[in-house]
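Participant: this is the structure alone, sequence omitted:
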């Protein structure tokens, strides 16, 4: 029997959001079947708009997690093989199980005539960009406020395209207030989002009037081939995702059966302290690589005049940075180095 896991936080989010996801005419909670139809509408519209404005298929991003598997299944059962292509961004810090799951899925997709691509992020010097060399290049660890890793290793492959993402509002408070279609100008704080109904309406008007003067911001940016997104499962709850997986017998990442509630980069800054401890216990080689990368960050920084050894600082070597980074030393502990301390001039 398959094992489906929901932690207390996710269950709480599900209960909190249920009453907000309602049918506009009856004000009742949407059923899973209604959410599926909404997602398929969004995919069909996004596919048509991608062809019309970009002259290219819709890009379906795929990370190897449960939301990606659901979104991919919806695309496969809604669109034709030449209507979309599937992109994975190789982060260099995914768990081996995730990498193998992605490879297996991509082999299946290719056998069905669906185009797949893995972005390995090659720099201008022709060398691969990895988490390990990014840390020393940036001079600071990736943190909740400085997530350069996402910008470089996850989001760079969909520039100037219409990309399909597995973003859901039930995942976190920061993802609430968005919607199914969006304009990506700068970061997510600067993004503008539009409902499915609005997007259908402005797309229809743009086809009928065919005058850019009357375009909404979304259509205007698409005509310019700017970066836009569609979040087809934005209104889905965690229980919806698992129920859909169960109904359609979708094979998921084996990490879920091993007790993982989320599947992402090992050491993700957005993960909880407990999650990080589990990850580095299960994958000690990644811990060693982070420590080596932090040590190189210090060594390179010292050559550039950075003083990591301020009096009272815990950033003495790679291991001390690692301990600070995973919050081994809790906030307000005497002698802890903060990012504010780091950015202060000597």
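Facilitator: The structure has been received and is ready for your questions. For clarity, every value in this text was computed on a predicted model and none was experimentally measured.
Participant: what's the first helix or strand after the helix or strand hosting residue 297?
Facilitator: Following DSSP states H and E, one finds residue 297 within helix 284-303. Proceeding N to C from helix 284-303, the next assigned helix or strand is helix 318-325, under DSSP H and E.
Participant: tell me how far that following helix lies from the chain's centre.
Facilitator: Offset of helix 318-325 from its chain centre (C-alpha atoms, centre = their mean, to the nearest Å): 25 Å.
Participant: how about stretch 85-92?
Facilitator: 11 Å.
Participant: and for that stretch, what's in contact with it?
Facilitator: 57-64, 72, 102, 106, 109, 114-121, 128, 130-132, 149, 153-158, 163, 265 (C-beta atoms under 8 Å, 6 or more residues apart in numbering). Bear in mind the C-beta positions are built from the backbone N, C-alpha and C, glycine included.
Participant: restricted to strands, list those.
Facilitator: 58-61, 115-119, 163 (DSSP state E).
Participant: now, the most widely separated pair of these?
Facilitator: Based on C-beta to C-beta, the longest span within the ones in strands among the contacts of stretch 85-92 runs between 58 and 118 and measures 17.7 Å.
Participant: more crowded one of the two?
Facilitator: The residue with more neighbours, out of residue 58 and residue 118, is residue 58; 25 against 16, by other C-beta atoms under 10 Å.
Participant: any idea of the pLDDT on the more buried one?
Facilitator: pLDDT recorded at residue 58 is 98.
Participant: so in terms of bridging, what pairs with it?
Facilitator: Note on residue 58: beta-bridge partners by DSSP bridges are residue 84.
Participant: 20 is where my numbering starts, stick with that
Facilitator: Taking 20 as the first residue, the last one we looked at is residue 77.
Participant: what sits against the closest residue to residue 75 other than its chain neighbours?
Facilitator: Nearest non-adjacent residue to residue 75, counting by C-beta to C-beta, 6 or more residues apart in numbering: residue 69, 6.2 Å away. Shown in contact with residue 69 (C-beta under 8 Å, 6+ apart): 75-78, 180-181.
Participant: next one: residue 69 from residue 200, what distance?
Facilitator: 12 Å (C-beta to C-beta, to the nearest Å).
Participant: now swap in residue 213 and tell me
Facilitator: Distance from residue 213 to residue 200, by C-beta to C-beta: 5 Å.
Participant: looking at these two, which is more packed in?
Facilitator: residue 200 (28 against 21).
Participant: that one and residue 248 touch, don't they?
Facilitator: Yes - shown here, residue 200 and residue 248 form a contact pair, counting by C-beta atoms under 8 Å, at 7.1 Å.
Participant: helices of the stretch 20-169 of the chain, start to end?
Facilitator: 27-37, 51-68, 85-97, 115-130, 150-157, 167-172 (DSSP state H, counting those that start in this stretch).
Participant: tell me which of the ones you listed lies nearest to residue 275.
Facilitator: Nearest to residue 275, of all these, is helix 85-97, at 6.7 Å by C-beta to C-beta.
Participant: now do the closest one: distance to the chain's middle.
Facilitator: Relative to its chain's centre, helix 85-97 lies at 15 Å (C-alpha atoms, centre = their mean).
Participant: what does it contact?
Facilitator: With contacts defined as C-beta under 8 Å, 6+ apart, helix 85-97 is touched by 55, 58-59, 62-63, 77, 79-81, 103, 105, 124, 131, 133, 183-185, 187, 251-252, 255, 260-261, 263-264, 267, 269-272, 275, 282.
Participant: residue 137 bridge partners, please.
Facilitator: Here residue 137, judged by DSSP bridges, has bridge partners residue 107.
Participant: mind listing what it touches?
Facilitator: For residue 137, the contact set (C-beta under 8 Å, 6+ apart) comprises 106-109, 121, 125.
Participant: columns neighbour count and pLDDT on top of these, output as TSV?
Facilitator: Formatted as TSV, those follow (neighbours: other C-beta atoms under 10 Å; pLDDT from 0 to 100):
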residue	neighbour count	pLDDT
106	20	97
107	24	96
108	22	93
109	18	93
121	21	97
125	17	98
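Participant: closest one to residue 222 out of these, please.
Facilitator: Set against residue 222, the nearest of those by C-beta to C-beta is residue 106 (23.4 Å).
Participant: shaky segments in the stretch 70-219 of the chain?
Facilitator: Residues of the stretch 70-219 of the chain meeting the criterion pLDDT under 70: 191-194, 205-208.
Participant: and residue 298, how many neighbours?
Facilitator: When counting by other C-beta under 10 Å, one arrives at 23 neighbours for residue 298.
Participant: this completes my enquiry, with thanks.
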